[in-house]
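Chemist: After the sequence you'll find the predicted model.
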Amino acid sequence: QVQLVESGGGLVQAGGSLRLSCAASGRTISYYDMGWFRQAPGKEREFVAVISWNGGYTYVGDSVKGRFTISRDTAKNTVNLQMNSLKPEDTAVYYCAAKTPGRVGVQSASRYTYWGQGTQVTVSS
């Protein structure tokens, strides 16, 4: 079992950048595909990005492609989300999540077993 804690959220102006981190404990992230999701008020949870258990592939959602990058640091057992060129529509609570390895359903929240508590990102216009 792994525990996940997100950090790095905050208030930023449109066009700015933030870097979110997800610190894992209890088990190494190399056992899991690690994903980021977000949820805005009144909306469904949305897939943002995923990095595979071995770092062999990454995938980002269409709404953030070209602006967000996912990476991991196995020495620190963390997963990071670098967010550039932020837009007001990126405002949401951002969640880190972990699933058993496999490319099927990487964009589906239901595939992820472990979740962090979330960190708020607010982008002002």
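Modeler: Looks like it arrived, so ask away.

Chemist: and the helix or strand where residue 12 lies, which residues are buried?
Modeler: Assigned by DSSP states H and E, residue 12 falls within strand 10-13. Residues of strand 10-13 classed as buried by neighbour count (16 or more other C-beta atoms under 10 Å): residue 12. Any C-beta I mention is one placed from the backbone N, CA and C, and that applies to glycine too.

Chemist: tell me what the following helix or strand past that strand is packed against?
Modeler: Counting by DSSP H and E, the next helix or strand C-terminal to strand 10-13 is strand 18-25. Strand 18-25 sits against strand 3-7, strand 33-39, strand 78-83, strand 92-99, strand 119-124, with contacts defined as 3 or more C-beta pairs under 8 Å, 6 or more residues apart in numbering; DSSP states H and E.

Chemist: could those be laid out in a markdown table, adding mean neighbour count, distance to residue 71 and mean pLDDT?
Modeler: Below are the helices and strands packed on strand 18-25 laid out as a markdown table (neighbours: other C-beta atoms under 10 Å; distance: least, C-beta to C-beta, whole Å; pLDDT from 0 to 100):
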| stretch | mean neighbour count | distance to residue 71 | mean pLDDT |
| --- | --- | --- | --- |
| strand 3-7 | 17 | 15 | 98 |
| strand 33-39 | 24 | 10 | 98 |
| strand 78-83 | 22 | 5 | 98 |
| strand 92-99 | 23 | 13 | 98 |
| strand 119-124 | 17 | 17 | 98 |
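
Chemist: Figure out which of these is closest to residue 20.
Modeler: In terms of C-beta to C-beta, the element of those nearest to residue 20 is strand 78-83, at 4.3 Å.

Chemist: ok, back up a step: can I get the helices and strands packed on strand 18-25 in CSV including distance to residue 65?
Modeler: As requested, the helices and strands packed on strand 18-25 are exported to CSV (distance: least, C-beta to C-beta, whole Å):
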stretch, distance to residue 65
strand 3-7, 21
strand 33-39, 13
strand 78-83, 12
strand 92-99, 16
strand 119-124, 17
